[in-house]
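Chemist: with the input below, show me the fold.
(chains A, B, C and D)
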Number of protein chains: 2
Amino acid sequence: MPETPAPATVPEKIRLNDLVCFAVYSANNAFNRFYKPIMAELGLTYPQFLVLMALWEEDGQGVGQLGERLGLESNTLTPLLKRMETAGVIERRRDRADERRVAVQLTPSGRDLEARAGALLACVPQATGMTTDELVELRTAVERLRDNLACARDGD
Amino acid sequence: MPETPAPATVPEKIRLNDLVCFAVYSANNAFNRFYKPIMAELGLTYPQFLVLMALWEEDGQGVGQLGERLGLESNTLTPLLKRMETAGVIERRRDRADERRVAVQLTPSGRDLEARAGALLACVPQATGMTTDELVELRTAVERLRDNLACARDGD
DNA sequence: CCCAATTATATCGTGCGCGATTTAATCGTG
DNA sequence: CACGATTAAATCGCGCACGATATAATTGGG
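Modeler: Numbers count the residues shown, from 1 in each chain, chains lettered A, B, ... in the order given. The predicted structure is shown next:
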């Protein structure tokens, strides 16, 4: 007879490296580190760059729309947008028709960064060490994971 | 003849949703949000939980070893570990043989959390909406991405 | 028309994550 | 043994991310 009785379900120690969440966590940190010097060249941070991308797709979005696009709320976006305004890449202006809303507009300087960003980010696919097809598949899977987690948190 | 001459490489507007980095970024945020109430039940934050997992695998690790395991440095870990010490789940003590080093030891309270954590995290695979096989494949791909980015940043 | 409910942003406090620097202990070479 | 170089951790400042709350504008019944 073994000293320790076998439990109904083997508890099987969970290890850090078995967790998808840790892989995502550490990959996100790795992306941040990789992007930092590139973004510094543009005078931006990585989250600020994501905001700019959203604005290059559609200028003049409100804080709420940007938040929906990026998965962030005003408590994160407001100070971030203020820093971007100070940096001179966007302008924030109250909507005349509805003074609660704040529209975020690119400045010429903010628009100009789009071309520069394209060149600076060209090195990224190479750095991932993955093929275009692999990247598309990976992205799709990560998006599915993200969306499932988000809706599991709300209404299941 | 087309109005706009075709450039050598088509600049093809990059959209937010095409970026793997944004998928990883937003998935990491989603994980954080999903884990927050679970971790609160344990009196922990998500990064603190990751530290505990590393210690459950091997107790008494130094700050540097923990950092290597988690991909963090002392500037992040030191204050985090101090909060965990205040919370009573670990103890930090200077190594007698080498006074530069600080060993991190689980307290009984910190050890006890392992069993509770297992039960609380049982809901996670379900929430991802992915099969076990899909999760393994996804984790492997994300780890590869992370490791490639990290070594591209250093010596290529 | 008024006022409670709703909506949009902003504010505040806390905990990361990290670049830059500091402090302190150990090592290595003479 | 001395002393500069190296190593380990800690400190500092900044920018997210977010829960909780506040402020201000609009909406909708009665």
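
Chemist: can you pull out the helices in chain A?
Modeler: A:20-42, A:46-57, A:63-70, A:74-87, A:108-120, A:124-128, A:132-153 (DSSP state H).

Chemist: what's the closest of the ones you listed to B:L121?
Modeler: helix A:20-42 (9.2 Å; CB to CB). C-beta: built from backbone N, CA, C; applies to glycine.

Chemist: any residue of that closest one touching DNA strand D?
Modeler: No - under the criterion of CB under 7 Å from any atom of the strand, DNA strand D is not reached by helix A:20-42; the shortest gap measures 8.0 Å.

Chemist: and that helix, C-alpha only, in CSV?
Modeler: Taking C-alpha atoms only, helix A:20-42 is exported to CSV below (Å, rounded to 0.1, in the frame of the first residue of the first chain):
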residue,chain,number,x,y,z
VAL,A,20,-1.4,30.0,-21.0
CYS,A,21,-1.9,33.2,-18.9
PHE,A,22,1.8,33.3,-18.1
ALA,A,23,2.8,32.8,-21.7
VAL,A,24,0.6,35.7,-22.7
TYR,A,25,1.8,37.8,-19.7
SER,A,26,5.5,37.3,-20.5
ALA,A,27,4.9,37.6,-24.3
ASN,A,28,3.2,41.0,-23.7
ASN,A,29,6.2,42.1,-21.5
ALA,A,30,8.5,40.9,-24.3
PHE,A,31,6.6,43.0,-26.9
ASN,A,32,6.8,46.0,-24.6
ARG,A,33,10.5,45.7,-24.3
PHE,A,34,10.9,45.1,-28.0
TYR,A,35,8.8,48.1,-29.0
LYS,A,36,10.2,50.5,-26.4
PRO,A,37,13.3,51.7,-28.4
ILE,A,38,11.2,51.9,-31.6
MET,A,39,8.5,53.9,-29.9
ALA,A,40,11.0,56.2,-28.3
GLU,A,41,12.2,57.1,-31.8
LEU,A,42,8.7,58.3,-32.4
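
Chemist: contacts for it, please.
Modeler: A:16, A:45-46, A:48-49, A:113, A:116-117, A:120-121, A:124, A:127, A:142, A:145, B:21, B:24-25, B:27-28, B:31, B:35, B:46, B:50, B:53, B:70-72, B:124, B:128, B:135, B:138-139, B:142-143, B:145-146, B:149-150, B:152-153 (CB atoms under 8 Å, 6 or more residues apart in numbering or on different chains).

Chemist: is that helix anywhere near DNA strand C?
Modeler: Yes - judged by CB under 7 Å from any atom of the strand, helix A:20-42 comes into contact with DNA strand C at A:25, A:29, A:32-33, A:36.

Chemist: now the residues you listed as CSV including distance to B:L106 and neighbour count?
Modeler: Below are the residues of helix A:20-42 next to DNA strand C laid out as CSV (distance: CB to CB, whole Å; neighbours: other CB atoms under 10 Å in any protein chain shown):
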residue, distance to B:L106, neighbour count
A:Y25, 21, 23
A:N29, 24, 19
A:N32, 29, 18
A:R33, 29, 14
A:K36, 33, 13
